[in-house]
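S.K.: I would like the atomic coordinates for the input below:
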Amino acid sequence: MTLPVSANLGFLWDHLALPDRIRAAKAAGFDAVECHFPYDHEAREIADTLRETGLRMLGINTILGPEGHFGLAAMTGREPEARAAIDQAIEYAIAIDARHINVVAGLTDGGPAAESTLQSNLEYAAQRADSHGIMIVVEALNPRAVAGAHLASQDQALATVASVGVPNLKIMLDFFHAQIVQGDLETLIRNNIAQIGHVQFAAIHDRGEPDQGELNYPYLFHVLEDAGYKGHLGAEYRPRGESVEAGLGWLAQYKSQ
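M.R.: Below you'll find the model as predicted:
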């Protein structure tokens, strides 16, 4: 296997401050890091830690908004807040040299007004990010994990990306969400490889380390490579044991293949 692996610090070492999570990922042998919401830390502190470790922060998310929200970008009437969150994420991503921003859509009724709002905000985000070489991604979230998420399937996310129609907008393919909703992942990969901006993975169904469950990740990673995917594999899982390190046998095995 040759695809590099990124540690998602939203779930891994979440008892540590973000700079120490980055250091822990380096010590564990990850090739890069990504996170959900870095905004409690000054961008300069995170940039300094990334330089110290030699790791790159691949991606960050826009904020979720007020309590009870799960993103703002598809919420009609909240466009100023959504665009302020996009601006915040772009500014932070520039400061830490992040590659992509996940613009979180939010909880909606799934109707055309929400979809129109999302597409307008994604077009804004992609246009703002393009001159900085930053990719915008959208992620479909399975309804068991996030009930009411505007984007609940890969087909929905792909349709949104196609409708906006700009080259720096792609999907974030999270195998955990995709398998629960629709499966047939090899076909999904091969038919849509040009629109896959980033990949994340975890075990099905407990969202733990990828060494158990119903998905054959070594095979899926081979499919990604064979289809032409050049990015990282984002390890976004919740450790089953008392420490991240106790469950890292899968990473050593992957790197030895």
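
S.K.: quick check: pLDDT value at M1.
M.R.: On pLDDT, M1 comes in at 61.

S.K.: again, but for H198
M.R.: Looking at H198, its pLDDT reads 98.

S.K.: burial count for it?
M.R.: The number of residues packed around H198, counting by other Cβ atoms under 10 Å, is 24. In this view, the C-beta of every residue, glycine as well, is placed from N, C-alpha and C.

S.K.: surely it is within a helix?
M.R.: No: the assignment for H198 (DSSP: H, G, I helix; E, B strand; the rest coil) gives strand, which keeps it out of a helix.

S.K.: for it, give its distance to P112.
M.R.: 27 Å (Cβ to Cβ, to the nearest Å).

S.K.: again, but for A235
M.R.: 36 Å.

S.K.: do a quick rundown of the helices in the protein.
M.R.: 18-28, 43-53, 79-96, 112-130, 154-164, 175-181, 185-192, 217-227, 249-256 (DSSP state H).

S.K.: ok so, going back, more crowded one of A235 and P112?
M.R.: A235 (26 against 8).

S.K.: which strand residues bridge the more buried one?
M.R.: Here A235 sits in beta bridges with A7, F201, going by DSSP bridges.

S.K.: let me see the contact set for the nearest residue to P143 once chain neighbours are set aside.
M.R.: Among residues not flanking P143 along the chain, A152 sits closest, at 5.3 Å (Cβ to Cβ, 6 or more residues apart in numbering). In this structure, A152 makes contact with G110, A140, L141, N142, P143, V181, judged by Cβ atoms under 8 Å, 6 or more residues apart in numbering.

S.K.: so which of these comes closest to I96?
M.R.: Of all the contacts of A152, I96 sits closest to L141, with 24.7 Å by Cβ to Cβ.

S.K.: would you agree the closest one is in contact with A149?
M.R.: Yes: applying Cβ atoms under 8 Å, one finds L141 in contact with A149, separated by 4.1 Å.

S.K.: overlap of the contact sets of these two?
M.R.: Counting by Cβ under 8 Å, 6+ apart, the contacts common to L141 and A149 are F70.

S.K.: for stretch 145-156, give the mean pLDDT please.
M.R.: If you average the pLDDT over stretch 145-156, you get 95.

S.K.: ah, wrong one, I meant stretch 111-125
M.R.: Average pLDDT, stretch 111-125: 98.

S.K.: fine, thanks again, bye for now.
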